[in-house]
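S.K.: This is the structure alone, sequence omitted:
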């Protein structure tokens, strides 16, 4: 059977195996049935733009599979990558709720399955299902948490080295790696994209990586990075 | 000094202030009002978020802090605003420190009571959604304006907004 972009499309939320693990998806059956009738399951290739910062909000995009890069345009014209959204996240949520323009630009970095819901249908759905309304409040709170973290990071960090170290520590703490003596992480982004995440230039990121490898804090094994010296990296993350 | 919301002369435009009578009655029951002198820390950044604070009187400064003590003020809250809302809803930690700028009168609501209240009153929940959405909008505005971090050779340059 042909599947778009190599994805196995999940047709029904009700039978989705990931339902229980995802904040928004874990709704009571009645709500989910209602949701089924208003969603459009779509597939996108890598590099597709779901919506652009400043666009009028058409609706929400529930990310089912794949990852999406969320970026914002800073006042000096540079792009800042705010977050890499993972499956289960609802994109364009605050815009759909408030009616204001999308705050961020969403671009897929993998082939993705996305469930799109039109704004009016979504708002009606929220009015009718208080559980969903509550989950939206929870999701928005998480986003706010991330945004505050970013404000804090941008406003208070001294250097790119500090921010890169913080980012590497954060990435290495996924999948239970943080307990290991030498945690590993797979770099999902290019140096240019990492530069956009921490607000510096690609050249600086490349230089910082080379420096970390030279100092034996990091080691590259193919596309995997191994943190050889956790303590040194942590120290960099607080003092730069 | 726990005043009833029903008697409040202020009833500013905040979402919890402008509720229909039966919801307001219930809200009155779950809140506990208190007076805080100027300089009081209502909650600290990084603390487990156990309650929200509805600001009735006075102003509260909300700031974040780096490891070496540098502060960034995010917002000054005025009466009618609810503090710690998103932290409590996400069940995590307070993102900011809240410090009373004046003598403050605030109503504290415990997390479990708030969650129960929101589940019972869908329209209030929807208003909460709008509130957080506004907060998020402000945070994004801030991100856009704070701009980029300095690179290593400029790292002595101060960045507080």
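M.R.: Structure received. Remember, predicted model here, so these are calculated numbers, not experimental data. Numbers count the residues shown, from 1 in each chain, chains lettered A, B, ... in the order given.
S.K.: which residues touch the residue positioned nearest the centre of chain A?
M.R.: Averaging the C-alpha coordinates of chain A gives a centre point, and the residue nearest to it by Cα atoms, centre = their mean is residue A:85 (1.9 Å). Residue A:85 makes contact with A:63, A:67-70, A:91, A:106, according to Cβ atoms under 8 Å, 6 or more residues apart in numbering or on different chains. (C-beta placed from N, C-alpha, C; glycine too.)
S.K.: same deal with residue A:62?
M.R.: Counting by Cβ under 8 Å, 6+ apart, residue A:62 makes contact with A:24-25, A:39, A:89-91, A:114-117.
S.K.: mind redoing it with 7 Å?
M.R.: A:24, A:90, A:114-115 (Cβ atoms under 7 Å, 6 or more residues apart in numbering or on different chains).
S.K.: Starting from the host helix or strand of it, tell me which strands it pairs with and how they run.
M.R.: For residue A:62, the host element (DSSP states H and E) is strand A:59-65. Applying DSSP bridges, strand A:59-65 is found paired with strand A:90-91 (antiparallel), strand A:112-118 (antiparallel).
S.K.: what's the following helix or strand after the longest one?
M.R.: Read that as strand A:112-118. Next element after strand A:112-118 (DSSP H and E): helix A:119-128.
S.K.: All the helices of the chain, in order from the start?
M.R.: Assuming you mean chain A. With helices called from DSSP state H, chain A shows them at A:29-38, A:93-98, A:119-128, A:130-156, A:160-172, A:191-198, A:202-214, A:230-239.
S.K.: that's the other chain; I wanted chain B
M.R.: B:21-30, B:85-90, B:111-120, B:122-146.
S.K.: got those as CSV, with mean neighbour count and distance to residue A:205 columns?
M.R.: Formatted as CSV, the helices of chain B follow (neighbours: other Cβ atoms under 10 Å in any protein chain shown; distance: least, Cβ to Cβ, whole Å):
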stretch, mean neighbour count, distance to residue A:205
helix B:21-30, 15, 49
helix B:85-90, 25, 31
helix B:111-120, 17, 40
helix B:122-146, 20, 20
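S.K.: With mean neighbour count, distance to chain B and mean pLDDT added, can I get the helices of chain A in CSV?
M.R.: Shown next, in CSV, are these (neighbours: other Cβ atoms under 10 Å in any protein chain shown; distance: least, Cβ to the nearest Cβ, whole Å; pLDDT from 0 to 100):
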stretch, mean neighbour count, distance to chain B, mean pLDDT
helix A:29-38, 15, 12, 91
helix A:93-98, 24, 4, 93
helix A:119-128, 17, 7, 94
helix A:130-156, 22, 4, 86
helix A:160-172, 22, 5, 87
helix A:191-198, 21, 7, 86
helix A:202-214, 17, 5, 94
helix A:230-239, 16, 5, 86
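S.K.: thinking again about what came up before, make a markdown table out of the strands paired with strand A:59-65 and add mean pLDDT and mean neighbour count.
M.R.: Converted to a markdown table, those look like this (pLDDT from 0 to 100; neighbours: other Cβ atoms under 10 Å in any protein chain shown):
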| stretch | mean pLDDT | mean neighbour count |
| --- | --- | --- |
| strand A:90-91 | 95 | 24 |
| strand A:112-118 | 95 | 21 |
